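Engineer: The following block contains a protein sequence and its predicted model.
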Amino acid sequence: MKHLINIESLSNDEINQIYSRACEFEKGIRKSNHSGAHVANMFFENSTRTKMSFEMAENKLNINKYDFCADTSSLNKGEDLFDTLNNLSAIGIDTIVMRHTNDELINLLAQKNYFNELSFINAGSGKTAHPTQALLDFYTMKRHFLNLSGKIITIVGDIAHSRVAKSNIELLQRFDMIIRCLAPENLMGEKIDGVHYYTDLKEAFENVDIVMALRIQKERIQEQIDFDYYIKNYQITKENLPYAAFLMHPGPINKDIEIKSDVLLTQNARTILNQAKNGVYVRMAVLDMILASKGL
Amino acid sequence: MKHLINIESLSNDEINQIYSRACEFEKGIRKSNHSGAHVANMFFENSTRTKMSFEMAENKLNINKYDFCADTSSLNKGEDLFDTLNNLSAIGIDTIVMRHTNDELINLLAQKNYFNELSFINAGSGKTAHPTQALLDFYTMKRHFLNLSGKIITIVGDIAHSRVAKSNIELLQRFDMIIRCLAPENLMGEKIDGVHYYTDLKEAFENVDIVMALRIQKERIQEQIDFDYYIKNYQITKENLPYAAFLMHPGPINKDIEIKSDVLLTQNARTILNQAKNGVYVRMAVLDMILASKGL
Amino acid sequence: MKHLINIESLSNDEINQIYSRACEFEKGIRKSNHSGAHVANMFFENSTRTKMSFEMAENKLNINKYDFCADTSSLNKGEDLFDTLNNLSAIGIDTIVMRHTNDELINLLAQKNYFNELSFINAGSGKTAHPTQALLDFYTMKRHFLNLSGKIITIVGDIAHSRVAKSNIELLQRFDMIIRCLAPENLMGEKIDGVHYYTDLKEAFENVDIVMALRIQKERIQEQIDFDYYIKNYQITKENLPYAAFLMHPGPINKDIEIKSDVLLTQNARTILNQAKNGVYVRMAVLDMILASKGL
């Protein structure tokens, strides 16, 4: 594995390998040391959780890490970023963990032969892909259910703008889960074959095994969303959440918008901190596989 | 010792243990390795000295350190900070070094059972507490005088707004020092039992062993302070500083305001850089004790 | 070697020693471990390339590194910087890598006996000196040509404002290179003995071994420069660059201003990424020599 750009570019074998390697890291039966690796974290969008999670994974693997402070003003032309990356590669950086608002940029950078020694890991790109989030969600579900085939997941919220939803749908369909999306029509986005779409919560939650709530990005989409309407019809509450359902959320949660606060104190919500915990093991597995393929 | 929140929460035994452990670090006879520990430095107020001092202590103990850039805009509600801390705990952060403008927040966070695996170290909270500063001041005095009982210290300057003064008074009273506070009435603040208050410098400096000057926080309190008046009546000069007095200051110094520049070239002022040096050993001791109690 | 302030302060022996030590690092036949060293990187001007290059060098030598975020507002008086440096020295920082807009400051700091334990490495000062850049340029040329005596180099661009040009001229004259400067009159600056000045590109490029283009600092000097005129008369193109000439540039390049884009795809331009690569070895050599002299 040279890059991690999106779920589409991973084979099922690779996904299973990431899963089992992350398991070994969690159980402490795999130790890897990549003290010869030099990884730059380039976050062009704000991030606390994903960035700290990658930093933790890097530290646990003894990787040399570099914090690239994205001064957007000196890098506002694509051309300059190419030059910067060439330069980083020349000084000895081997891997770039990148988050960017642009949907296609990271994919483009990874394809360019120009940087033939750099590996790229997508830490979130635009509204399209967040592969390490989908992989940690997959890991969290599979660790609990073991076999995901036939399990029903309902993804609820702003599907249209969510890279988390897109990467999860791509990944979970491959492992034969039944995927439902629940949202008001204007947050539904383009429909994907094989996915079941609902506008009614009660129907969407029937017999569900997992409910995955998405973050409503208040700051971005306020003109599109009627919060009172959303809360009334789509907020997850103790009353509407099935008793045994596994509740997931990529964080940070807008409390009392997508999920009512008191739900977070229930057993169902324990999964959410497990997602955070598992993210470190999954990112260790991804880094470990990529760096090993480079002989580092 | 699970947390370091304020001097009040430390027993005299713990203070003596911090002292002797810091001594061992200074003399090089104690080596500790905490390469399994993950500490996040969260400074919500600007800091160069205290932050660099903690980073040095962390490096010397082989701790994995994380720089949490406090983007105040995304964390301006207490609720969000709780979630962030839960998340950091979930990904594997074990200890938080925090500076915050709020007087009570760090104490509150440490008490919340919610984060039952996180330890907190207060690196300065509001106008109330700066326990590592008081501990390093204590260390610096005790290393020189060995027995502090009966020694006279005069704390001079903006007592009212100073967390350094408050933590020092709490600590030094316990070890039977005679504590005098010198300030103009409007900078005196609430009076504390057992402390002697002066508005006249000459009286306050009589037979004094130690003079501890505080930083006048020009930026914060300019409407309250008449600088000409302050300098004329309270500035420390070669003339008014007793010959043998030990001069201390937490830094950074406003030269020619609280202390006349030429005093800084005298023997008396050598203590000030010793305070900085000792801060690293004291913070190593605090981290070492907290991490050891966590088995890290 | 205690400091690296400018080329003038280096003996030819020291320059040769830096060269050979960098060679050993490049070839992997020298390994140095400075895990007891504590180096602060203080960049008061924006920098990606030089800063990342120093960080890479520091990591490869196992140095503890500290990122000093230059908050210019709290450090806008020279006096305060002196205090900050004294404090950093007191807490255990041993070496400062500094970039600053002021031409004389770093030199002044290094001379002040006050900081008698701190070493300074100049990472670019004002318009005057950028010694590690000149040393890496020297390294890159000498690795290729082995003997530089009699070789002809043409430095082209904004000579007047370039610290890269000044440090290179000082260094390359010592090793008996023939140095030509090419620029429009208003970008020529003060003339230096022994250097040949040209305003005509064709003459300046005749029989040249090396062409070193400088960055036109658009943001700084726009009132002084007529870009159309510059491009027409001084831009490096496939047509005017001699076939065998070694093309160098300190980066980042303003494409299609100082160099036409398509030139960057030629063999001649391969040197530019070599400069970046070599910068790490040269900085490792400088750090290694300075830290060894301090017993670290």
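Structural biologist: That came through, no problem.
Engineer: For the stretch 51-200 of chain A, what lies in contact range of chain C?
Structural biologist: Those residues of the stretch 51-200 of chain A that sit near chain C, judged by Cβ under 8 Å from any Cβ of the partner chain, are A:64, A:66-68, A:71, A:74, A:79-80, A:83-84, A:86-93. For glycine as for every other residue, the C-beta is placed from the backbone atoms N, C-alpha and C.
Engineer: OK, contacts around the residue in the stretch 151-296 of chain A that chain B sits nearest to?
Structural biologist: Chain B sits closest to residue A:276 of the stretch 151-296 of chain A, with a gap of 3.7 Å, by Cβ to the nearest Cβ. Contacts for residue A:276 (Cβ atoms under 8 Å, 6 or more residues apart in numbering or on different chains) come out as A:49, A:53, A:251, B:87, B:90, B:91.
Engineer: quick one: which helix or strand includes it?
Structural biologist: helix A:270-293 (DSSP states H and E).
Engineer: I'd like the average pLDDT over that helix.
Structural biologist: The pLDDT scores in helix A:270-293 average 97.
Engineer: buried set for that helix?
Structural biologist: For helix A:270-293, the neighbour count (16 or more other Cβ atoms under 10 Å in any protein chain shown) marks A:271-291 as buried.
Engineer: Same question for stretch A:211-219.
Structural biologist: Buried residues in stretch A:211-219, counted by 16+ other Cβ under 10 Å: A:211, A:212, A:213, A:214, A:215, A:216.
Engineer: Extract the C-alpha set from that stretch and format it as CSV.
Structural biologist: Extracted C-alpha coordinates of stretch A:211-219, given in CSV (Å, rounded to 0.1, in the frame of the first residue of the first chain):
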residue,chain,number,x,y,z
VAL,A,211,-27.3,4.3,14.3
MET,A,212,-24.5,6.6,13.0
ALA,A,213,-25.3,10.3,13.6
LEU,A,214,-23.4,12.9,11.6
ARG,A,215,-22.3,16.3,12.7
ILE,A,216,-24.6,19.1,11.4
GLN,A,217,-22.1,21.7,10.2
LYS,A,218,-24.0,24.7,11.6
GLU,A,219,-21.4,27.2,10.4
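Engineer: from the stretch 51-200 of chain A, which residue is nearest to chain C?
Structural biologist: residue A:90 (3.8 Å).
Engineer: Wait, a strand at residue A:247?
Structural biologist: Yes: the assignment for residue A:247 by DSSP: H, G, I helix; E, B strand; the rest coil puts it in a strand.
Engineer: doesn't residue A:263 make contact with it?
Structural biologist: Yes: under the criterion of Cβ atoms under 8 Å, residue A:247 makes contact with residue A:263 at 6.9 Å.
Engineer: any shared contact partners between the two?
Structural biologist: Joint contacts of residue A:247 and residue A:263 (Cβ under 8 Å, 6+ apart) are A:236, A:241, A:269.
Engineer: what about the second one, how many neighbours?
Structural biologist: Same thing as residue A:241. Number of residues near residue A:241 (other Cβ atoms under 10 Å in any protein chain shown) recorded here: 21.
Engineer: quick one: contacts for it?
Structural biologist: Taking Cβ under 8 Å, 6+ apart as the criterion, residue A:241 is in contact with A:205, A:211, A:247, A:263, A:266, A:268.
Engineer: Could you show which parts of the stretch 1-150 of chain A are in contact with chain B?
Structural biologist: Residues of the stretch 1-150 of chain A lying near chain B (Cβ under 8 Å from any Cβ): A:46, A:48, A:49, A:52, A:53, A:55, A:56, A:59, A:60, A:67.
Engineer: can you count the residues close to the fourth one?
Structural biologist: The criterion is other Cβ under 10 Å. On that basis, residue A:52 has 24 neighbouring residues.
Engineer: list the contacts for it?
Structural biologist: When contacts are taken as Cβ under 8 Å, 6+ apart, residue A:52 is in contact with B:40, B:66, B:68, B:88, B:91, B:93.
Engineer: can you list those in a markdown table and add distance to residue C:160, secondary structure and neighbour count?
Structural biologist: Shown next, in a markdown table, are the contacts of residue A:52 (distance: Cβ to Cβ, whole Å; DSSP: H, G, I helix; E, B strand; the rest coil; neighbours: other Cβ atoms under 10 Å in any protein chain shown):
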| residue | distance to residue C:160 | secondary structure | neighbour count |
| --- | --- | --- | --- |
| B:40 | 47 | strand | 23 |
| B:66 | 44 | strand | 22 |
| B:68 | 44 | strand | 20 |
| B:88 | 51 | helix | 25 |
| B:91 | 52 | helix | 24 |
| B:93 | 51 | coil | 23 |
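Engineer: now, the most widely separated pair of those?
Structural biologist: Pairwise distances among the contacts of residue A:52 were taken by Cβ to Cβ; the largest, 12.1 Å, belongs to B:68 and B:91.
Engineer: does the residue nearest to residue A:125 when sequence neighbours are not counted sit in a helix or strand, and which one?
Structural biologist: Of all residues not flanking residue A:125 in the chain, residue A:106 sits nearest, at 5.0 Å (Cβ to Cβ, 6 or more residues apart in numbering or on different chains). Per DSSP H and E, residue A:106 falls inside helix A:105-111.
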